[in-house]
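Visitor: okay, predicted coordinates and the sequence, questions at the end:
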Amino acid sequence: MERDYLRLLFTMEEFIRLEPRLKKWFGIDRNNPYIQELFGNYASIKLDESSNKERYMNEKGHYDVNAYAEAHFEALAKEELPMRISTDTYLLTIEDFCEKNQLEITEKDEVYQVLLYACALLMRNKLETTESTQEDMNYEYQEYIHAIRPDMLKLYIGLHHNDSLNDKVKKYHKQCRISFGDLSPIKIDEQTPWFQEALDRYLEKYLGVKSVKEAEQELYAIYGKTVGAKMNVNAIRFMWGTYHLLQDIPNCKSKTEKSVTKKQGRIIADLLNRLNLIEYKEKESFLDYMDGERIRVSLKNYLMQYDSIDDIIKAKQYKTSPNNTDSSRYY
């Protein structure tokens with residue numbers, strides 16, 4: 001279906017002005033795929049018109065558009081190169097969002113513009129599907145990252161619960177209890193921790209984490225098995241970024257650093273709902289958590305564990321063991 005578009009007044013020069021905040025709070029910079037596509041196409045035209053384009057010819061006799069774009073990014077961005085976003089989504093969404101939540105900002109404020117840009121760049125073509133990769137079609141890989149690895153992480157945390165604080169000294173449990181189905185637990189490792197040592201060697205190869213803290217961070221960030229709501233990457237970008245933008249609005253900021261108010265939780269939850277970044281069943285569950293409590297709890301944990309949105313996104317990526325050299329099996 002053909003989509004109607006509205007051209008924003010923003011130019012690439014405007015994007016450069018907003019880029020520091022977009023990068024810091026949403027993880028968006030000039031390497032964003034849409035910016036690269038938009039600017040790359042424009043740079044290709046300008047390179048073809050350039051009188052010194054020979055400087056950008058590579059060894060194969062082809063013009064290097066990327067090199068030209070990088071060298072002239074600031075200069076070319078000052079020209080009228082408009083961005084566009086869907087009219088059925090973000091302009092009215094952000095206007096109504098600000099009005100409902102009594103945010104004392106307008107389209108002239110940088111906070112407002114950053115939020116609008118984030119919507120335009122992160123949510124662009126969100127309904128379009130992408131081609132499947134080889135990993136997407138690998139059943140064993142999918143089984144490993146979604147079902148087996150989270151079990152391994154919990155096993156590792158339980159196994160090394162008694163380790164020293166620096167996680168360098170292993171202190172195995174005095175015994176283990178293993179239960180199969182409804183049968184009574186079997187007590188083992190009472191004389192020597194042979195099973196724990198075997199399990200440790202297995203997890204060393206097929207899990208490959210180095211500490212309980214690392215395992216807990218992965219379990220929370222990717223699988224949401226501790227506290228708070230499980231969210232996709234874009235939802236986390238908006239939760240993190242919107243919180244820091246709210247900190248720049250006097251009537252919305254929290255009194256202390258890295259604290260999240262109930263009001264902020266409500267506001268962020270409202271935005272995630274408007275952008276359809278919370279699955280339907282999770283939307284329903286918000287009725288049971290007044291004041292956006294699930295968002296508040298999730299955000300508070302991210303603020304305590306991470307220093308930047310880039311750190312969170314890196315932690316959110318599915319992992320495999322760096323110690324497993326057998327590419328034919330994951331476990």
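Guide: Yes, it's here. For clarity, every value in this text was computed on a predicted model and none was experimentally measured.

Visitor: show me the shaky parts of the stretch 1-150 of the chain.
Guide: For the stretch 1-150 of the chain, applying pLDDT under 70 flags the ranges 1-11, 38-49, 51-54, 56-57, 59-61, 63-66, 68-92, 124-137.

Visitor: which parts of it are strands?
Guide: All strands of the stretch 1-150 of the chain, identified by DSSP state E, counting those that start in this stretch, fall at 5-7, 84-86.

Visitor: contact partners for the nearest residue to Ile105 once chain neighbours are set aside?
Guide: In this structure, Ile105 finds its nearest non-sequential neighbour in Tyr112, 4.6 Å apart by Cβ to Cβ, 6 or more residues apart in numbering. Heads up, the C-betas are built off the backbone N, CA and C, glycines and all. For Tyr112, the contacting residues are Ile94, Cys98, Ile105, Thr106, by Cβ atoms under 8 Å, 6 or more residues apart in numbering.

Visitor: from those residues, pick the one nearest Tyr117.
Guide: Nearest to Tyr117, judged by Cβ to Cβ, of the contacts of Tyr112 is Ile94 at 10.4 Å.

Visitor: quick one, what contacts that closest one?
Guide: Ile94 touches Tyr112, Leu115, Leu116, Cys119, counting by Cβ under 8 Å, 6+ apart.

Visitor: among these, which ones are buried?
Guide: Neighbour-count burial (16 or more other Cβ atoms under 10 Å) applied to the contacts of Ile94 gives Tyr112, Leu115, Leu116, Cys119.

Visitor: quick one: Leu18 and Ile186, what's the gap?
Guide: According to Cβ to Cβ, to the nearest Å, Leu18 stands 61 Å off from Ile186.

Visitor: which of the two has more neighbours?
Guide: Taking other Cβ atoms under 10 Å, Leu18 and Ile186 do not tie; Leu18 has more neighbours (17 against 10).

Visitor: circling back to that earlier point, buried among the contacts of Tyr112? Make that a PyMOL selection.
Guide: Buried residues among those (16+ other Cβ under 10 Å), as a PyMOL selection:
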select buried, resi 94+98+105
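
Visitor: which one of the contacts of Tyr112 is nearest Cys176?
Guide: Ile94 (54.8 Å).

Visitor: look up how far Leu103 lies from the closest one.
Guide: Ile94 is 10 Å from Leu103, by Cβ to Cβ.

Visitor: cool, Gln305 as well?
Guide: 27 Å.

Visitor: could you do Leu219 as well?
Guide: In terms of Cβ to Cβ, Leu219 sits 35 Å off from Leu103.

Visitor: and Asn324, by the same measure?
Guide: Counting by Cβ to Cβ, the gap from Asn324 to Leu103 is 49 Å.

Visitor: same check, this time on Gln191
Guide: In terms of Cβ to Cβ, Gln191 sits 65 Å off from Leu103.

Visitor: between these two, who's got more neighbours?
Guide: Higher neighbour count among Gln191 and Leu103: Leu103, with 20 against 7, using other Cβ under 10 Å.

Visitor: skipping its backbone neighbours, what lies nearest the more buried one in space?
Guide: Ile249 (5.9 Å).

Visitor: now do the SS call for the one you found.
Guide: Under the three-state scheme (DSSP: H, G, I helix; E, B strand; the rest coil), Ile249 adopts coil.

Visitor: who's in contact with it?
Guide: Contacts of Ile249 were listed using Cβ under 8 Å, 6+ apart, and they are Leu103, Glu104, Ile105, Val111.

Visitor: next, give phi and psi for the third one.
Guide: Meaning Ile105. Dihedral pair for Ile105: phi -140, psi 160, per degrees, to the nearest 10.

Visitor: residue contacts, it?
Guide: Contacts of Ile105 by Cβ under 8 Å, 6+ apart are Cys98, Val111, Tyr112, Ile249.

Visitor: what's the closest of these to Asn276?
Guide: Nearest to Asn276 among the contacts of Ile105, with distances taken as Cβ to Cβ, is Cys98, at 18.5 Å.

Visitor: find the nearest non-adjacent residue to that closest one, please.
Guide: Ile105 (6.1 Å).

Visitor: next one: the one you found from Val114, what distance?
Guide: Distance, Ile105 to Val114, by Cβ to Cβ: 10 Å.

Visitor: how's the protein carved up into domains?
Guide: Structurally, the chain divides into domains by automatic domain parsing as follows: 5-122, 139-223, 233-316.

Visitor: in the stretch 1-150 of the chain, which spans are helices?
Guide: 12-21, 33-49, 65-71, 73-77, 90-100, 110-122, 139-143, 149-159 (DSSP state H, counting those that start in this stretch).

Visitor: what comes up buried for stretch 271-278?
Guide: For stretch 271-278, burial by neighbour count (16+ other Cβ under 10 Å) applies to Leu271, Leu272, Arg274, Leu275, Leu277, Ile278.

Visitor: what mean pLDDT does that stretch have?
Guide: Stretch 271-278 carries an average pLDDT of 84.

Visitor: ok so, going back, which one of the contacts of Tyr112 sits closest to Tyr34?
Guide: Among the contacts of Tyr112, and counting by Cβ to Cβ, the member closest to Tyr34 is Ile94, at 18.0 Å.
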